[in-house]
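Asker: Output the structure for:
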Amino acid sequence: MSGTAAVVLAGGSGSRSGRAGNKVYLPAGGRPLLAWSLRTFQQSPLIARIILVVRGVDRAAARAVLQAEPTPKLQRVLQGGASRHDSEHAGLEALATAIESAAVDLVCIHDAARPFVAPGLIARVLEAARRTGGGVPGLPLSDPVLLRSEGAQQPSLVPTADLRLMQTPQAFRALRLLQAFRRAAEAGFTGVDTAETAQRFSDLQVEVVEGDPDNVKVTYAEDLAIVEELAAVRLGRSHGG
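Answerer: The predicted structure follows:
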C-alpha cells in the first residue's frame, strides 16, 4: 500500500529489564528485538516505507542491526527526542513532505520493544485508521484493578469491563496526526502514547481493535524469557518444525 508508513521507535533503555543498555538490542532467538520488528514491517505488503528513530548513543548498534537485517523500505534513521512523545514527533516530521503531498496518508507508530507484532494486527489497526481515523490495539484486563484515593483508608475496586491494555502499533490518518503533534508542541504537551495526543489535539476518532497476547513488550526481566519462547516458536515454523 503506497500511502502507508511505519515509524519504529527504538529509544528505550534496559533499566527495568535488569540489563545494561537499550533493551531493543537484546537478543531473542539469536536476533535483536529491533530486527524482529523491522522484519515484520519490511515483509508487510501494507507498509511502503519505514522510519527508524534511535537514541544518539545507539547509532552504531542500529547500524549493526541494519547490516544484518536488510530493510529496503527503510528511508531514514534519525535521532529521537528526550521523551517517547518527542521521538514520535521526530518520526512524523521526517515524513512531513510525503504526508503533506498525500504520498503518505496513513502512518503507524510502533515500539521496537514489541518484537512479535503480527501481520494481522498491522492490518487491523490500518483498516480501523482508514475507516474511522485511528486504530489502536487493546487487550482486556485479566486482573482486578484497585484504586487508592487520597485520604481513603481502603482502595476501591475499579470495574474493568471497559478497560483495555493498550499496545502498538497505533495507526492514524497521517496529516491529521502530524498536525496534532504540531499543536501539542505549541501547547508544551507530552502524551503517554500516540492515541492520547491524537485525541487531545485532533478530531480523529480512535477505534480500539483486538490486540494480540503475543505482542509482548519487553519491560522486565521475565519478559525476556517470554519473547525467547515466542522466538523459538517462530524459528520452528520457519524451519518447518
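
Asker: quick one: average confidence on the lengthiest helix in the chain?
Answerer: Using DSSP state H to define each element, the chain has its longest helix at helix 221-238. Averaging pLDDT along helix 221-238 yields 88.

Asker: can you check stretch 110-123 too?
Answerer: On average, stretch 110-123 scores 97.

Asker: what about it, start to end distance?
Answerer: Across stretch 110-123, the terminal residues are separated by 13 Å (CA to CA, to the nearest Å).

Asker: Report pLDDT for residue 1.
Answerer: 47.

Asker: what does the one 4 residues further on give?
Answerer: If you check residue 5, the pLDDT there is 98.

Asker: ok, it - how many residues close by?
Answerer: Neighbours of residue 5 under the rule other CB atoms under 10 Å: 27. The way it works is simple: take the backbone N, C-alpha and C, and place the C-beta from them, glycine included.

Asker: hang on, it is in a strand, isn't it?
Answerer: Yes: the assignment for residue 5 is a strand, going by DSSP: H, G, I helix; E, B strand; the rest coil.

Asker: my read: it touches residue 44, true?
Answerer: No: taking CB atoms under 8 Å as the definition, residue 5 is not a contact partner of residue 44, at 11.5 Å.

Asker: if you go through the protein in chain order, where are the helices?
Answerer: Under DSSP H, the chain gives helices at 33-43, 59-68, 84-94, 96-100, 119-132, 174-187, 194-201, 221-238.

Asker: Who are the packing partners of the longest one?
Answerer: In terms of contacts (3 or more CB pairs under 8 Å, 6 or more residues apart in numbering; DSSP states H and E), helix 221-238 is packed against strand 27-28.

Asker: returning to that earlier point: JSON lines please, covering the helices of the chain and showing distance to residue 212 and mean neighbour count.
Answerer: Below are the helices of the chain laid out as JSON lines (distance: least, CB to CB, whole Å; neighbours: other CB atoms under 10 Å):
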{"stretch": "helix 33-43", "distance to residue 212": "12", "mean neighbour count": "22"}
{"stretch": "helix 59-68", "distance to residue 212": "23", "mean neighbour count": "14"}
{"stretch": "helix 84-94", "distance to residue 212": "21", "mean neighbour count": "21"}
{"stretch": "helix 96-100", "distance to residue 212": "27", "mean neighbour count": "16"}
{"stretch": "helix 119-132", "distance to residue 212": "5", "mean neighbour count": "19"}
{"stretch": "helix 174-187", "distance to residue 212": "22", "mean neighbour count": "18"}
{"stretch": "helix 194-201", "distance to residue 212": "17", "mean neighbour count": "21"}
{"stretch": "helix 221-238", "distance to residue 212": "11", "mean neighbour count": "14"}
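
Asker: and residue 164, which of these is closest to it?
Answerer: helix 194-201 (10.9 Å; CB to CB).
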